[in-house]
Each structure stands twice: as C-alpha cells, then as structure tokens.
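the following comprises the amino acid sequence and a computationally predicted model.
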Amino acid sequence: MVNILCIDNSKTIREVIKDCVLDLGYNFFEASDGESGVKMANEIENLKMVIVDWNMPLLSGKETLIRLREIKKLADTLCLVLIRIENKEDVIEALQLGAHNYMLKPFSVNKLQDKIKEMIKDAA
C-alpha cells in the first residue's frame, strides 16, 4: 500500500489533499507543522511520498525539506512541494534541496491527483 504524508498548516488544504489521496486508494497521514511532520515521516513505515507546503510558520517548507533529506531512510522518499504562484523562484530552490516535483497554489484537485499518480508511477 502507498503511504502519503501531507505537511501543511492549513486544515482546509490538508482536507483537500486527504480527499485526493484517499480517492486514489492510498493511505493518508497528516501533520499541521514541519516539526511534527518530520517526526511523523520518520515513524511511518514504507512512506512513499511527502507533500509539503513551502510557506509554513515555525518550521518552513524549506527547513522541513532539509530535515527530511537529512534522515537516511527518507533521503529518496518522493517529495511534492506546494508553492504559491507568486513565489515561482522558490521552485528552483525546492528542487535544488531535493524536492522531486512541485504544484503551484492554487491548484485543481484533478491536477494534484494526476501529479501524485505520475510521480508514483515514475518512481516504480
């Protein structure tokens, strides 16, 4: 079974992503901040993908991604970063730090599902 973790401070965004992930038949886990998300990511067995919001308080998406990549067992875990459309320059930085792909916010549910399916298929 595919396990996906969403780390986003917005409950609404987490709910939308939860619906997308469950509709695809995958297991969904969530964290409301980077600190607890990194901890949770380290505890989930066979974690396939992490979806990280780039703009979070306390521990930013950038810091979260850096910490995830420092954990050996998570070094190759798929990472999809959510970035506001006005911060396109952050896309380059996210990819340089180890993100596999990105989605510009706001996004459509169908495009998010397509992106998740594509990333998982490509990684298989």
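Alright, I've got the coordinates.

so how far is residue 14 from residue 66?
In this structure, residue 66 lies at 22 Å from residue 14, with Cβ to Cβ, to the nearest Å as the measure. From N, CA and C alone the C-beta is placed, and that goes for glycine too.

equivalent analysis for residue 38, please.
Here the criterion is Cβ to Cβ. By it, residue 38 lies 16 Å from residue 14.

residue 66 and residue 14 - which one has more neighbours?
For residue 66 versus residue 14, neighbours defined as other Cβ atoms under 10 Å are more numerous around residue 14 (19 against 15).

now do the residue positioned nearest the centre of the chain, the pLDDT please.
Computing the C-alpha centroid of the chain and ranking residues by Cα atoms, centre = their mean puts residue 51 first, at 0.9 Å. In this model, residue 51 is scored at 98, pLDDT.

given the one helix or strand it maps to, what are its sheet partners and their directions?
Secondary structure assignment for residue 51, by DSSP states H and E: strand 47-53. Strands flanking strand 47-53 in the sheet, each with its direction: strand 3-7 (parallel), strand 78-84 (parallel) (DSSP bridges).

for it, buried residues please.
47, 48, 49, 50, 51, 52, 53 (16 or more other Cβ atoms under 10 Å).

for that strand, what is the distance to the chain centroid?
If you compare the mean C-alpha spot of strand 47-53 with that of the full chain, they lie 3 Å apart, counting by Cα atoms, centre = their mean, to the nearest Å.

just put the buried residues of strand 47-53 in CSV and tack on distance to residue 26.
Output for the buried residues of strand 47-53, formatted as CSV (distance: Cβ to Cβ, whole Å):
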residue, distance to residue 26
47, 11
48, 8
49, 8
50, 13
51, 11
52, 17
53, 19
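
max pairwise distance over these: which two?
The widest separation within the buried residues of strand 47-53, taken as Cβ to Cβ, falls between 48 and 53 and amounts to 18.5 Å.
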